[in-house]
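Student: dropping a prediction and its sequence here:
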Amino acid sequence: MLRAEHIAKRYEAVVALADASITLRAGTVHGLVGDNGAGKSTFLKSLSGAVHADSGSLVIDGEAVVLRTPHDALAAGIETVYQDLALVDTMNAYQNVFLGREELSRAGILRFFGFLSDRSMRRQARAALDELGIGIPSIKASVKQMSGGQRQCLAMARAILWGKRIVILDEPTAALGVRETAQVVEVIKKLRDRGVAVLLVTHNMAQLEEIADYVTVMRLGRTIAHREMVDTPINDIVGLITGAIRPAAD
């Protein structure tokens, strides 16, 4: 579904990415791991259009694309959920799902005055939440009333409603408790089962072992290994991250 090859990015004398590559397949969870400073964040931002790479190629569904802005990524079917979630606490659940994409009413005279179609937005937001099995107090409840896990799941529901094909998750369970983490993991599995390609950026090795089908390891701005999780002991992945294991040629 997506193939990025030899992505590089530098900021004057600082090399943020030297040579990063990854291939995402439909209906799989692909982990992206590496120590702090490995280049994961810059690579993620290049795939989401937040950073324009200096060089490299990106192919989506067999077609070469250039992502210069996040809008380009959205148009290509890529939705990203960052750690800060980009939710507005004072707005309710369905308003956050449609933030920046609000629907206007098409009913009678209302369509001439730019009135919002709240009923349609509530229906679509509820359908997305129900499809992923996400429980929240109410579709009209403000985000500030929700737990961390509910907020994360709400952001993921927004991603699947708009991303459709490729969803990038940046440390989705980093600040969550055990129960909330389990809820988010279940939602990730449902995304995978729907045929979505999920890119999971994580430091949680146990979580990676549980839900990832593939893993890409980065070190010092470079992709150093691609592995299938079923064939790779988690200790080998840790060794690749830390440098204790030297990668064989892929």
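Tutor: Cool, the structure landed.

Student: kindly format the C-alpha coordinates of stretch 130-149 as CSV.
Tutor: Only the C-alpha atoms of stretch 130-149 are listed here, as CSV (Å, rounded to 0.1, in the frame of the first residue of the first chain):
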residue,chain,number,x,y,z
ASP,A,130,-19.4,1.9,17.2
GLU,A,131,-17.6,0.2,14.4
LEU,A,132,-14.4,0.2,16.4
GLY,A,133,-16.1,-0.7,19.7
ILE,A,134,-15.2,2.6,21.3
GLY,A,135,-17.2,3.5,24.4
ILE,A,136,-17.5,7.1,25.4
PRO,A,137,-20.0,8.8,27.8
SER,A,138,-21.9,10.5,25.0
ILE,A,139,-21.2,11.7,21.5
LYS,A,140,-22.1,15.1,22.8
ALA,A,141,-19.8,14.8,25.8
SER,A,142,-16.9,17.3,25.9
VAL,A,143,-13.4,15.8,25.6
LYS,A,144,-12.3,17.2,29.0
GLN,A,145,-14.8,14.7,30.6
MET,A,146,-13.0,11.7,28.9
SER,A,147,-10.3,9.4,30.2
GLY,A,148,-6.9,9.2,28.5
GLY,A,149,-7.9,6.0,26.8
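
Student: leaving aside the residues next to it on the chain, what's closest to Gln183?
Tutor: Gly149 (4.9 Å; Cβ to Cβ, 6 or more residues apart in numbering). Placement of C-beta: from N, CA and C, glycine included.

Student: report pLDDT for the residue sitting nearest the centre point of the chain.
Tutor: Taking Cα atoms, centre = their mean as the criterion, Ile168 is the residue nearest the geometric centre of the chain, at 1.6 Å. Here the pLDDT value assigned to Ile168 is 92.

Student: check contacts around the residue nearest to Gln183.
Tutor: Residues in contact with Gly149 (Cβ atoms under 8 Å, 6 or more residues apart in numbering) are 176-177, 179-181, 183-184.

Student: buried members of these into ChimeraX, please.
Tutor: Per 16 or more other Cβ atoms under 10 Å, the buried members of the contacts of Gly149 correspond to this ChimeraX selection:
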select :176,180,181,183,184
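
Student: in helices only, show me the contacts of Gly149.
Tutor: Judged by DSSP state H, helices contain the following of the contacts of Gly149: 179-181, 183-184.

Student: now those as CSV including distance to Asn96?
Tutor: Output for the ones in helices among the contacts of Gly149, formatted as CSV (distance: Cβ to Cβ, whole Å):
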residue, distance to Asn96
Arg179, 22
Glu180, 18
Thr181, 21
Gln183, 18
Val184, 17
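
Student: next, format those as JSON lines and append pLDDT and distance to Val143.
Tutor: Putting these into JSON lines (pLDDT from 0 to 100; distance: Cβ to Cβ, whole Å) gives the following:
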{"residue": "Arg179", "pLDDT": "80", "distance to Val143": "19"}
{"residue": "Glu180", "pLDDT": "78", "distance to Val143": "15"}
{"residue": "Thr181", "pLDDT": "83", "distance to Val143": "19"}
{"residue": "Gln183", "pLDDT": "81", "distance to Val143": "16"}
{"residue": "Val184", "pLDDT": "83", "distance to Val143": "16"}
